[in-house]
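> what's the 3D shape of this:
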Amino acid sequence: MPYAPAPYRALDRLGEAVRDHHDRSLRGFNPAATDDLQLFLAVLRGEHTMVDLRNRNVRHRLIGPSCRADPRQSAGVCRLLKRLHVRGLIAKIPRASVPCNGPGPCRHVRRCSCPRGALP
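Numbers count the residues shown, from 1 in each chain. Down below sits the predicted model:
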C-alpha cells in the first residue's frame, strides 16, 4: 500500500515482530485474535489508574480468580507484559510507589486538582 493513514500504519507496526534490548525477538499482536484481545481488555481496565498494573491483576483477568500463584502462569503473563512494554504501550513509572513507614496497610491517594471543598 503506497499511502496508508496513520492508524493503519500503527496497526501494521503492532503486528510486526520487534526485538528487545537483548536482541530477542518478540512476536507481534493480532487484535482480531481472542487471546490478544483479552490481554488488551485486561490491561485497559480503568482500575489500573487507581491501583498499579500488576502481573497478579492481569493474571486474574486472563486466567480467572481461582488461579493460584503458579510460577508458569506468572511467567507467561510477564512475557505478555514485556511484549506490550517493548512496543511502548505500557511503561514503568520510576519512583511511583511511596514507601509506607507505619504499621498496617498503606493507602496512598493521588493529588487531585480540584479546589478545596469541591469534593463532597
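> going forward, measure contacts and count neighbours with C-alpha atoms only.
OK.
> got the phi/psi numbers for Asp35?
phi -60, psi -50 (degrees, to the nearest 10).
> middle-most residue in this protein, spatially?
Ranked by distance to the mean C-alpha position of the chain (CA atoms, centre = their mean), the top residue is Val43 at 4.5 Å.
> Verify the stated contact: that residue with Leu53.
Yes. With contact defined as CA atoms under 8 Å, Val43 counts as touching Leu53 (7.4 Å).
> mind checking how far Ala75 is from Asn55?
Note on Ala75: its distance to Asn55, by CA to CA, to the nearest Å, is 9 Å.
> Give me the more crowded residue out of these two.
Applying other CA atoms under 10 Å to Ala75 and Asn55 shows that Asn55 carries more neighbours, namely 16 against 12.
> Before we move on, what's the pLDDT of the residue nearest to the centre of the chain?
Reading off the confidence values, Val43 has pLDDT 87.
> Skip the chain neighbours and tell me the closest residue to it.
Val58 (6.7 Å; CA to CA, 6 or more residues apart in numbering).
> Next, that neighbour: secondary structure please.
helix (DSSP: H, G, I helix; E, B strand; the rest coil).
> burial measure for it, as a count.
Val58, neighbours per other CA under 10 Å, totals 24.
> now swap in Asp52 and tell me
Using other CA under 10 Å: Asp52 sits among 11 other residues.
> Go over the secondary structure and confirm it is in a helix.
No. Under three-state DSSP, Asp52 sits outside any helix and is assigned coil.
> Now do the contacts for it.
Residues counted as contacts of Asp52 (CA atoms under 8 Å, 6 or more residues apart in numbering): none.
> Any buried residues in stretch 82-95, and which?
82-84, 87 (16 or more other CA atoms under 10 Å).
> Next: stretch 52-62.
Buried residues in stretch 52-62 (16+ other CA under 10 Å): 53, 55-59, 62.
> and that stretch, what's its mean pLDDT?
pLDDT averaged over stretch 52-62 gives 84.
> So which residues of this protein form helices?
6-15, 34-43, 55-62, 71-86 (DSSP state H).
> Fine by me, we can end here.
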